[in-house]
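[1] what follows is a predicted structure for the sequence shown.
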Amino acid sequence: MENQANFTYKIMEVCLLAGKIMLVSGAETYRVEDTMMRIAASFGIKQSHSYVTPTGIIFSIEGSEPTKTKLIRIMERTTDLEKVTMVNAISRKISGGDLSVQEAYELLEDIEMAKPTYSFMVRLLSATIASGCFLIMFKGGWGDFFPAAVTGGIGFLSVVYFHRVIPIKFFAEFLSAFIIGLLSFLFIKIGAGYQLDKIIIGSVMPLVPGLLITNAVRDLMMGHLLSGLSKGAEAFLTAFAIGSGIAVVFTFL
């Protein structure tokens with residue numbers, strides 16, 4: 001009986017760890033819940049329930065013994081879809097009977113401890129190039145490509161730095177947008193840029209919460225109203241912070 005209870009708890013730990021990795025890495029709420037219950041079912045748990053919000057996971061297993069329930073809090077989220085893919089791959093292996101509980105847990109621990117797929121310098125370079133490309137996409141001139149790329153790169157660097165100093169996303173994004181506005185105005189002032197609006201638009205695009213908006217819509221369509229609305233509110237606050245930072249620059253300059 002005791003061994004069975006320990007085995008059940010281990011299954012619960014595997015499910016929770018898989019759900020935590022996916023949620024922290026930017027997966028949709030319904031996908032996290034579905035993956036957790038599929039893993040439990042693959043290990044012989046016929047009745048399991050998961051309730052996921054952007055800030056926490058509740059998982060429950062029913063059986064002949066007293067119901068086991070556990071809650072974990074999610075304090076910080078990022079975007080790493082590679083980890084989501086890796087957890088899905090492990091889930092499919094579990095469903096196929098290729099992994100034991102212990103093996104699955106060890107693989108998930110390795111994924112959780114793994115560093116991001118791309119280094120900070122690669123992400124900074126990507127944000128820099130993307131900013132210039134977004135400017136061209138929004139029908140800006142090639143003469144503004146360099147100012148938009150530099151401004152976008154510095155803006156991305158700023159949001160990462162300010163988030164470490166001030167662990168409140170709104171202020172980090174507000175200050176970064178403010179810096180983007182100042183730099184864009186400076187490029188126009190010294191004659192290195194020509195279209196202020198296009199430079200700003202291209203530069204702020206790496207800060208736009210595209211994944212949040214997408215996940216909010218998908219969760220709402222799947223009936224997860226609480227998660228969908230909360231992610232939508234977070235995306236709205238991010239957009240408001242970016243707009244406010246740019247607006248302050250226009251107000252004083």
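    All right, it came through fine. Residues are numbered from 1 along each chain as shown.
[2] wait, residue 153 touches residue 123, no?
    No - using CB atoms under 8 Å, residue 153 makes no contact with residue 123, being 10.3 Å away. Backbone N, C-alpha and C define where each C-beta goes, glycine included.
[3] quick one: low-confidence ranges for the stretch 101-250 of the chain?
    In the prediction, the stretch 101-250 of the chain carries no residues with pLDDT under 70.
[4] can you give me the helices for it?
    101-113, 120-137, 145-165, 169-189, 196-204, 210-221, 225-252 (DSSP state H, counting those that start in this stretch).
[5] export the ones you listed to a markdown table and tack on distance to residue 23 and mean neighbour count?
    Listed next are the helices of the stretch 101-250 of the chain as a markdown table, based on distance: least, CB to CB, whole Å; neighbours: other CB atoms under 10 Å:
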| stretch | distance to residue 23 | mean neighbour count |
| --- | --- | --- |
| helix 101-113 | 12 | 16 |
| helix 120-137 | 21 | 18 |
| helix 145-165 | 19 | 21 |
| helix 169-189 | 17 | 21 |
| helix 196-204 | 27 | 24 |
| helix 210-221 | 10 | 18 |
| helix 225-252 | 10 | 17 |
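[6] need those helices in TSV (columns: distance to residue 94).
    Output for those, formatted as TSV (distance: least, CB to CB, whole Å):
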stretch	distance to residue 94
helix 101-113	6
helix 120-137	31
helix 145-165	35
helix 169-189	34
helix 196-204	41
helix 210-221	24
helix 225-252	25
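[7] counting neighbours, what do you get for residue 144?
    24 (other CB atoms under 10 Å).
[8] ok, it - contacts?
    Taking CB atoms under 8 Å, 6 or more residues apart in numbering as the contact definition, residue 144 lies against 135, 193, 194, 195, 198, 199, 202.
[9] tally of neighbours for the fourth one?
    This means residue 195. Under the neighbour criterion other CB under 10 Å, residue 195 is assigned a count of 20.
[10] how close does it get to residue 130?
    Distance of residue 195 to residue 130, computed by CB to CB, to the nearest Å: 18 Å.
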